[in-house]
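Student: just to be clear, the model below is a prediction. Sequence and coordinates:
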Amino acid sequence: MLTIDSMPNALRTLTCDGWLLFVTRFVRLFAYGSLSVVLVFYLIGLGLSESQTGLLLTLTLVGDTVVSLYLTTRADRIGRRRMLIVGALLMAAAGLAFILTRNFLLLILAGAIGVISPSGNEVGPFLSIEQAALSHVVPGRTRTEVFAWYTLAGSLATAIGTLCGGTLTHVLQKTELRPIVSYRVVVILYAALGIILAFLFTRLSPAAEVNSPGEESTSPRTLKTFLGIGHSRHVVIKLASLFALDSFAGGFVVQSFAAYWFYLRFGVDPGTLGVIFFWANIFAGVSALLASRLASRFGLINTMVVTHLPSNILLILVPLMPNLSLAVLVLLVRFSISQMDVPTRQSYTMAVVSAEERSAAAGITGVARTTGAAISPLFVGFMFARPSLINVPFFIAGTLKIIYDLLLYREFLSLRPPEEVG
């Protein structure tokens, strides 16, 4: 039985708001994971071509970018809880729209305005605002470890979601239901979880806001001259540019298209895909805990780069494997180290900006990531429409991510967070 005394030190520092943010992340990533396994199958089942599907996913992420930028850069002034509730309602609305129509233009509109995750990863305003709120309620010395557990919670949720989404469709397809109906059931679940998420966010207390009762901002309001950031602008812009490159690369291998690649290359069914990506996300989540230990010893930037480089080499190797077993093995090894940079990246961003600029900084860098990821599926859709090109996205993604690692190391090695100084 888990008791307070048996918990890791970082988790003992969590307030009720901190635990609530762990729960909301779990619910959200479960929904994203379950949808990601079947989303491309569902859209193609509705009658869309691979190229149309790629275009839809690109425009969906573009819309998420605009919505996220608007909500996150206002969250510290209007209220983090309010913006999170709005985001959850947009998530539910997008799911409902995808259930009710197969019209291509209406799907684009719903995806652009609402919140849909084709990758199983975070989209929308949630992560940025939750990072800022978590940083506000935990000490700086435990921030990276808390973010590591927060990443693990999300990875476990994504893993369980992919397993449930794949298994549910597999079981339903054994009945007399058509495949498209089984995929729609998962979309219905996604919409329902969006409504549950909105309710959970209503329980967030004022202590998670940038200025909780009796607390004053430490920076003059006049510094906030551009999208909620002032003296952190130069650092945030550089980070955002590099994160956009990393996500543009990652967009070539988003989980929805990676799952479809296994189907095209090896004929893998959705049920098996759910199992594959269940373990992939489990390994990714567990690796986050090791990242916090490495960061405490070697520093955040060193940990981000050194763990990310080998994972990108493995990504390039996946399509070169001659059979399914080896391809899955390389994929799982890659996932076991690929997410070590996530909690360190999040912690580093929160550490090098002031407290009252955290939501905006996380929002801008998050939007940069979403923007980068939004462009790639358009190209992937065209590549998947041509059998000779289905392996190319892996090569592009791995190469660009290696370039990102080298640039990040060069630009930020000398800028250390406060807890690493002295």
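Tutor: Arrived safely.
Student: can you list the low-confidence ranges for the stretch 251-400 of the chain?
Tutor: By pLDDT under 70, the stretch 251-400 of the chain contains no weakly predicted segment.
Student: what ranges does it have for its strands?
Tutor: All residues of the stretch 251-400 of the chain lie outside strands when identified by DSSP state E, counting those that start in this stretch.
Student: could you do the stretch 1-150 of the chain as well?
Tutor: Remark: no strands are assigned in the stretch 1-150 of the chain by DSSP E, counting those that start in this stretch.
Student: which parts of stretch 61-68 are buried?
Tutor: Along stretch 61-68, these residues count as buried under the neighbour rule (16 or more other CB atoms under 10 Å): 61-65, 67-68. Glycine gets a C-beta too; all of them are placed from N, C-alpha and C.
Student: out of the residues you listed, which sit inside helices?
Tutor: Among the buried residues of stretch 61-68, the members falling in helices (DSSP state H) are 61-65, 67-68.
Student: let me know the closest of these to Leu326.
Tutor: Leu61 (31.2 Å; CB to CB).
Student: quick one: that closest one and Val123 touch, right?
Tutor: Yes: shown here, Leu61 and Val123 form a contact pair, counting by CB atoms under 8 Å, at 6.7 Å.
Student: common neighbours of those two, please.
Tutor: Residues touching both Leu61 and Val123 by CB atoms under 8 Å, 6 or more residues apart in numbering: Thr370.
Student: how about low-confidence regions in the stretch 51-200 of the chain?
Tutor: Where the stretch 51-200 of the chain drops to pLDDT under 70, the residues are 119.
Student: where do the helices of it begin and end?
Tutor: 80-100, 104-113, 126-137, 143-173, 179-201 (DSSP state H, counting those that start in this stretch).
Student: now for Ala362, how many residues are close by?
Tutor: By other CB atoms under 10 Å, the residues close to Ala362 number 26.
Student: these two touch, right, it and Ala133?
Tutor: No: look at Ala362 against Ala133 with CB under 8 Å: they stay out of range, at 9.9 Å.
Student: how about Phe26, nearest residue that isn't a chain neighbour?
Tutor: Using CB to CB, 6 or more residues apart in numbering and skipping residues adjacent in sequence, the residue nearest Phe26 is Ala157, 4.3 Å away.
Student: I figured that neighbour was touching Gly33, is that so?
Tutor: Yes: using CB under 8 Å, Ala157 is in contact with Gly33, at 6.5 Å.
Student: please report how far the spatially most distant residue from the centre of the chain lies from Asp405.
Tutor: Distance from the centre of the chain peaks at Glu176, with 35.0 Å (CA atoms, centre = their mean). Separation of Glu176 from Asp405 (CB to CB, to the nearest Å) stands at 50 Å.
Student: residues contacting Thr202?
Tutor: Contact analysis of Thr202 by CB under 8 Å, 6+ apart lists 81, 85.
Student: now it: phi and psi?
Tutor: In terms of degrees, to the nearest 10, the main-chain angles of Thr202 are phi -70, psi -20.
Student: separation between it and Gly79?
Tutor: Taken as CB to CB, the span from Thr202 to Gly79 is 12 Å.
Student: what does Gly63 give?
Tutor: Gly63 sits 23 Å away from Gly79, going by CB to CB.
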